[in-house]
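[1] how does the following fold in three dimensions:
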Amino acid sequence: MIDRAYLERLTGRRGEIEAEMSRPETAGDAARMQALMREYSRLKDLIAVAEQYLSLSEQHEESLAVLEDPATEPELRELAEEQRLESEKALPAAERNLQLALLEPDPMDEKPVIVEIRAGTGGEEAALFTADLYKMYSRYAENAGWRTSIISTSDSDAGGYKEIVFGVEDAAAYRWMKYESGTHRVQRVPETETQGRIHTSAATVAVLPEAEEVDIEINPQDLKIDTYRASGAGGQHVNTTDSAVRITHEPSGLIVQCQDERSQHKNRAKALKVLRSKLLDHQRREDEMRAAEMRKSQVGSGDRSEKIRTYNFPQNRVTDHRINLTLYKLDRIMAGELAELIETLRERDLEKRIEAEVQTATPQNGSS
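    Model prediction:
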């Protein structure tokens, strides 16, 4: 898979990065320094994994050479056989770790996220399901020790949400939550249903990596900013000043708004954060379309229109259609116990990426 020459090239590149990071001009460039630190961290981990794999491989080859030599003495042969068995047992895990380390990381993995949940088909029942999904993700975040904050809401008459946008403020939230983008379908008997019939409703989830100013530059002249009075359901949180903010990004037509804070300044800052993340998401999707084969190899495309999961309340069942996984513990999943589901999705995604990318991620000229 790799050899010592390839490892030496990796080590050389690590030295180049260390030298560049020590230069004063690099220290003053936040975006460049951040990129170098990411590359350095990845190389450091890759070199450690590669050294372990090569050490085991060489140990295995040496033991085989000793065993194949007819002149090898019995005691040495016995030691070589023990070494062969030991390395043979450890090599598959070491190779798997190396394959994972060779995969190009998603630069967005180490970012907080902004999650948008919108009610789809199903009227008020879809809005109630939207609220249920928000509670599910909030509990999942709480279980993981992550902090959440609501950015904006649009309430429905029955106590659900037509739309809710919230942030998950953890540095690695996107790594785990990115698999949630898509259409979520619910099958259950609504409280207003007198005949006991099961209704099907839906909500769409968009998980956006939170963009920083270094990720997306916005020209202030491209923005149209409107302020208005915030309002809430039942007269709650009604503000008598124009604290709510609506921002239109004229080149893209994207519109974001925030009214949950009482300060216009805070609402503007939150709305800009959402806008940056939407623009970054749009840019990433365009990049992914150019690399369609890579995207096809992953677990789901994250397309908003793609039906990814069904929640069947009468059967206490959750089915993830991307990986054909069915779990009969809907009650626990709605209570935030998403770890098993998300970890399975991540594992399948990594397996598919290894199949599709490991050959291109590794040198093809014989130094692999």
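[2] quick one: furthest residue from the center of this protein?
    Most distant from the centre of the chain: residue 71, at 56.1 Å, with distances by C-alpha atoms, centre = their mean.
[3] and that residue, how close does it get to residue 65?
    Distance, residue 71 to residue 65, using C-beta to C-beta, to the nearest Å: 12 Å. C-betas here are computed from N, CA, C, even on glycine.
[4] count of neighbours near the closest residue to residue 338 other than its chain neighbours?
    In space, and not counting its chain neighbours, residue 338 is closest to residue 140: 4.5 Å by C-beta to C-beta, 6 or more residues apart in numbering. Close neighbours of residue 140, defined as other C-beta atoms under 10 Å, add up to 23.
[5] same question for residue 158.
    Neighbours around residue 158, by other C-beta under 10 Å: 14.
[6] give me the element it is part of.
    Counting by DSSP states H and E, there is no helix or strand that carries residue 158.
[7] repeat for residue 34
    Per DSSP H and E: helix 30-68 holds residue 34.
[8] tell me the first helix or strand C-terminal of that helix.
    Trace forward from helix 30-68 with DSSP H and E and the next one is helix 74-102.
[9] so that next one versus helix 30-68, what angle?
    Angle of helix 74-102 versus helix 30-68, following axes from the mean of the first three to the mean of the last three C-alpha atoms, to 10 degrees, is 160 degrees.
[10] buried residues in helix 74-102?
    Going by neighbour count (16 or more other C-beta atoms under 10 Å), the buried part of helix 74-102 is 80, 83-84, 87, 90, 94, 97-102.
[11] average pLDDT for that helix, rounded please.
    Taken as a whole, helix 74-102 carries a mean pLDDT of 90.
[12] where does the chain dip in pLDDT?
    1, 213-215, 230-242, 287-305, 357-368 (pLDDT under 70).
[13] what is the nearest of the buried residues of helix 74-102 to residue 196?
    Ranked by distance to residue 196 (C-beta to C-beta), the buried residues of helix 74-102 are led by residue 100 at 48.9 Å.
[14] quick one: end-to-end distance for stretch 191-206.
    One end of stretch 191-206 to the other measures 27 Å (C-alpha to C-alpha, to the nearest Å).
[15] list the buried ones in that stretch?
    Buried residues in stretch 191-206 (16+ other C-beta under 10 Å): 201-206.
[16] now do stretch 310-326
    Across stretch 310-326, burial judged by 16+ other C-beta under 10 Å covers 310-312, 317-323.
[17] related to what we said a few turns ago, just the element for the residue nearest to residue 338, please.
    Using DSSP H and E, residue 140 sits in helix 123-144.
[18] ok, of the buried residues of stretch 191-206, which one's closest to residue 131?
    For the buried residues of stretch 191-206, the nearest to residue 131 is residue 203 (9.4 Å; C-beta to C-beta).
[19] which other helices and strands does the helix or strand hosting that closest one contact?
    Per DSSP H and E, residue 203 falls inside strand 199-209. On a contact count with 3 or more C-beta pairs under 8 Å, 6 or more residues apart in numbering; DSSP states H and E, strand 199-209 meets strand 113-119, helix 123-144, helix 173-177, strand 182-188, helix 264-290.
[20] in CSV: those, plus distance to residue 28.
    Shown next, in CSV, are those (distance: least, C-beta to C-beta, whole Å):
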stretch, distance to residue 28
strand 113-119, 29
helix 123-144, 35
helix 173-177, 28
strand 182-188, 41
helix 264-290, 23
